[in-house]
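In: Below is the sequence, then the predicted model.
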Amino acid sequence: MLKRVFVAAAVAALTAGPAMADHVCGIAPVAPVIAGASDIAGKTPDDAHKVSSEAFKLVKIYQTALQPFYNCVEQQVIANNKAMADAKEKRDQAKIASVEVAAADLDKDYKSAVNTEKQVVADYMSLHDNYCKMGENLAGCAPAKPH
């Protein structure tokens, strides 16, 4: 499963080459597909735990892969702020407009990556919650609260 995710990410990165020229920090890593509740329906709790654990690993790998993108965005924001200050000091309207466009594009890429990451985590949490509803005292699940 992990091998397929990495192969898909590599293919996406190679085919996105021309598009990456428009994105100063490249494109965010390809999000993994997290199993849904239907993927654990009818499974034993042990098998469902394996699916949930695998999904958790995929989320962590994805979040780790996002860090260089987020670091680049942070550095680019700093560079854009400096370039904007310099352009305003020189009253260079063309440069100001250029930096504003670059900053808007960067913000769009960042927000897209954050929204995708949130969705991946939400998908995992939904899967995990469904696994935990399969019984009591399941591995990785909070103990049931006494009534």
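Out: Perfect, I can see it now. Residues are numbered from 1 along each chain as shown.

In: how many other residues sit next to residue 47?
Out: 12 (other CB atoms under 10 Å). For the C-beta atoms, the positions are set from N, CA and C on the backbone; glycine is no exception.

In: Point me to the helix or strand that includes it.
Out: In this assignment (DSSP states H and E), residue 47 forms part of helix 45-90.

In: which other helices and strands contact that helix?
Out: Packing partners of helix 45-90 (3 or more CB pairs under 8 Å, 6 or more residues apart in numbering; DSSP states H and E): helix 2-15, helix 93-132.

In: The residue most central in space within the chain - nearest residue in space that isn't next to it in sequence?
Out: Nearest residue to the geometric centre of the chain (CA atoms, centre = their mean): residue 117, 3.2 Å. Nearest residue to residue 117 in three dimensions, chain neighbours excluded: residue 66, at 6.2 Å (CB to CB, 6 or more residues apart in numbering).

In: what number of residues lie near residue 128?
Out: Applying other CB under 10 Å, I find that residue 128 has 22 neighbouring residues.

In: do the same with the one 10 residues further on
Out: By the other CB under 10 Å criterion, the neighbourhood of residue 138 contains 17 residues.

In: Could you pull up the residues touching it?
Out: 45, 49, 131, 132 (CB atoms under 8 Å, 6 or more residues apart in numbering).

In: which of the residues you listed tops the neighbour count?
Out: For the contacts of residue 138, the largest number of neighbours (other CB under 10 Å) sits with residue 131, at 26 neighbours.

In: Pretty sure it sits against residue 48.
Out: Yes. Using CB atoms under 8 Å, residue 131 is in contact with residue 48, at 4.7 Å.

In: Spit out the residues that contact those two alike.
Out: With CB under 8 Å, 6+ apart as the test, residue 131 and residue 48 both reach residue 40.

In: picking up where we left off before, ok, of the contacts of residue 138, which one's closest to residue 36?
Out: Nearest to residue 36, judged by CB to CB, of these is residue 131 at 11.4 Å.

In: How is residue 141 assigned, secondary-structure-wise?
Out: Following DSSP: H, G, I helix; E, B strand; the rest coil, the label given to residue 141 is coil.
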